[in-house]
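>>> okay, predicted coordinates and the sequence, questions at the end:
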Amino acid sequence: MQQWQLLRGDGGTPDVLCIGAHCDDIEIGCGGLLRQLCAGRSPPAVHWFVAVAPAARATESRRAARALLAGAARFSFEAHKFVDGELPYAGAQLRRRLRDLARRLSPSLILTHWHGDAHQDHRCLSELTRQTFRDHLILEYEVPKYDGDLGRPNWFVPLTAATVTAKIETLRTCFASQRDKPWFEERTFRALLRLRGMECRAPSGYAEAFHISKGVWKAS
């Protein structure tokens, strides 16, 4: 199992791979963690992969990513045009795209959907990520939705108040196409961050939460 440290022993730049089914998934699920990583002592290089990304929505996501990743060592953005709701039926093509990623990248950390997510696109992409990147540290983020499928995450990242404000403002300003959805609002995002912050006793009261099935910790 690959070990991950914020500060690499060889002085190199850590690499983070973000995988999302739809534009705004990554931003909702782990935008706070990414912002804090990029503001840290050893900002990572970040590669952004979105499977369902029509042109207009890809533009929104690219703008949001750049806002959250200010300070990143490098940033690359990869958007594909799979059909919304049909990822399980395009599994072979999607897996080839992920295998191509694995040939080009060996990330220190992968962020993707929780494997227990009720949305078929989210769940499919999570399963394929775990099959493709078998020796990497994978944190699975959560996305609130009507299905009521929030689980019991076991890895928490406390967020500063400034990070919470920046994350919510990015979602609010960058995703005009989603504003007609009744759940896409500050109250939803802040409530989930507050709940996870309470669960881990975050100093600010806010946190993002993740699922991790396997990890290796290097003490020194």
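Structure's in. What do you need? Numbers count the residues shown, from 1 in each chain.
>>> please name every helix or strand in contact with whichever strand or helix holds Arg95.
Per DSSP states H and E: Arg95 is located in helix 91-104. Here helix 91-104 touches strand 45-52, helix 120-132, going by 3 or more Cβ pairs under 8 Å, 6 or more residues apart in numbering; DSSP states H and E. No exception for glycine: its C-beta is placed from N, CA and C like everyone else's.
>>> quick one: strands adjacent to the helix or strand that the longest one is followed by?
In other words, helix 120-132. For helix 120-132, the following helix or strand on the C-terminal side (DSSP H and E) is strand 138-141. Using DSSP bridges, strand 138-141 pairs in its sheet with strand 109-113 (parallel), strand 207-211 (antiparallel).
>>> just put those in CSV and tack on mean neighbour count and distance to Cys18.
Listed next are the strands paired with strand 138-141 as CSV, based on neighbours: other Cβ atoms under 10 Å; distance: least, Cβ to Cβ, whole Å:
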stretch, mean neighbour count, distance to Cys18
strand 109-113, 25, 5
strand 207-211, 25, 13
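>>> follow-up on the earlier one: okay, the angle between the helix holding Arg95 and helix 120-132?
Counting by axes from the mean of the first three to the mean of the last three Cα atoms, to 10 degrees, helix 91-104 points 50 degrees away from the direction of helix 120-132.
>>> what sits up against helix 91-104?
Residues outside helix 91-104 that contact it (Cβ atoms under 8 Å, 6 or more residues apart in numbering) are 17, 19, 47, 49, 51, 78, 80, 82, 87, 124-125, 128-129, 131-133.
>>> now swap in stretch 123-137 and tell me
1-4, 17, 19-21, 51, 87-88, 91, 94-95, 98-99, 101-102, 106-110, 112-117, 138, 140, 212-213, 215-216.
>>> middle-most residue in the chain, spatially?
Ile26 (3.7 Å; Cα atoms, centre = their mean).
>>> ok so that one is a strand residue?
No: assigned with DSSP: H, G, I helix; E, B strand; the rest coil, Ile26 falls outside any strand and is helix.
>>> so what's it up against?
Contacts of Ile26 (Cβ under 8 Å, 6+ apart): 18-20, 34, 48, 50, 61, 65, 111, 141.
>>> go with 6 Å
18, 20 (Cβ atoms under 6 Å, 6 or more residues apart in numbering).
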